[in-house]
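> everything below, folded, please.
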Amino acid sequence: YIMESYAYFTIKDRLPQILTKVIDTLHRHKNEFFEEHGEVRVRSLFPLMLIPH
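Take a look at the predicted model:
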């Protein structure tokens, strides 16, 4: 039943696009985040992001 629901198909189809946009935006603006918040703060906010040292 769940796999036939509108919500399932919406999430299944849209979630990869949404996550890709979020990751792309964070990557494109990471320098701004560093300048505004500092490296330590950015690393604590985004621990899973692959940010080169």
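> gap between H37 and V22?
H37 sits 17 Å away from V22, going by C-beta to C-beta, to the nearest Å. For the C-beta atoms, the positions are set from N, CA and C on the backbone; glycine is no exception.
> quick one: which of these two has more around it?
H37 (13 against 10; other C-beta atoms under 10 Å).
> how much space separates the closest residue in space to that one that isn't next to it in sequence from E36?
Nearest residue to H37 in three dimensions, chain neighbours excluded: L45, at 7.4 Å (C-beta to C-beta, 6 or more residues apart in numbering). If you measure L45 against E36 using C-beta to C-beta, the figure is 11 Å.
> neighbours of K30, how many?
15.
> surely it meets V42?
Yes - contact criterion C-beta atoms under 8 Å: K30 and V42 qualify, at 7.3 Å.
> helices of the chain, residue ranges please.
Secondary structure of the chain by DSSP state H: the helices cover 6-28, 30-37, 39-45.
> could I get these in CSV, plus columns for mean pLDDT?
As requested, these are arranged in CSV below (pLDDT from 0 to 100):
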stretch, mean pLDDT
helix 6-28, 88
helix 30-37, 82
helix 39-45, 74
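> related to what we said a few turns ago, separation between the residue nearest to H37 and H27?
For L45 relative to H27 (C-beta to C-beta), the value is 14 Å.
> thought H37 was touching N31?
No - counting by C-beta under 8 Å, H37 does not reach N31; the two are 11.3 Å apart.
> for stretch 27-42, output the C-alpha coordinates as PDB.
Extracted in PDB, the C-alpha atoms of stretch 27-42 (Å, rounded to 0.1, in the frame of the first residue of the first chain):
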ATOM      1  CA  HIS A  27      29.500  23.300  -2.300                       C
ATOM      2  CA  ARG A  28      29.200  26.500  -4.400                       C
ATOM      3  CA  HIS A  29      28.900  28.700  -1.300                       C
ATOM      4  CA  LYS A  30      31.300  27.000   1.000                       C
ATOM      5  CA  ASN A  31      33.800  29.800   0.800                       C
ATOM      6  CA  GLU A  32      31.200  32.300   1.800                       C
ATOM      7  CA  PHE A  33      30.300  30.000   4.800                       C
ATOM      8  CA  PHE A  34      33.900  29.900   5.800                       C
ATOM      9  CA  GLU A  35      34.300  33.700   5.600                       C
ATOM     10  CA  GLU A  36      31.200  34.300   7.600                       C
ATOM     11  CA  HIS A  37      31.300  31.600  10.200                       C
ATOM     12  CA  GLY A  38      34.900  30.400  10.300                       C
ATOM     13  CA  GLU A  39      36.300  27.000   9.500                       C
ATOM     14  CA  VAL A  40      35.700  25.400  12.900                       C
ATOM     15  CA  ARG A  41      32.000  26.400  12.900                       C
ATOM     16  CA  VAL A  42      31.400  25.300   9.300                       C
END
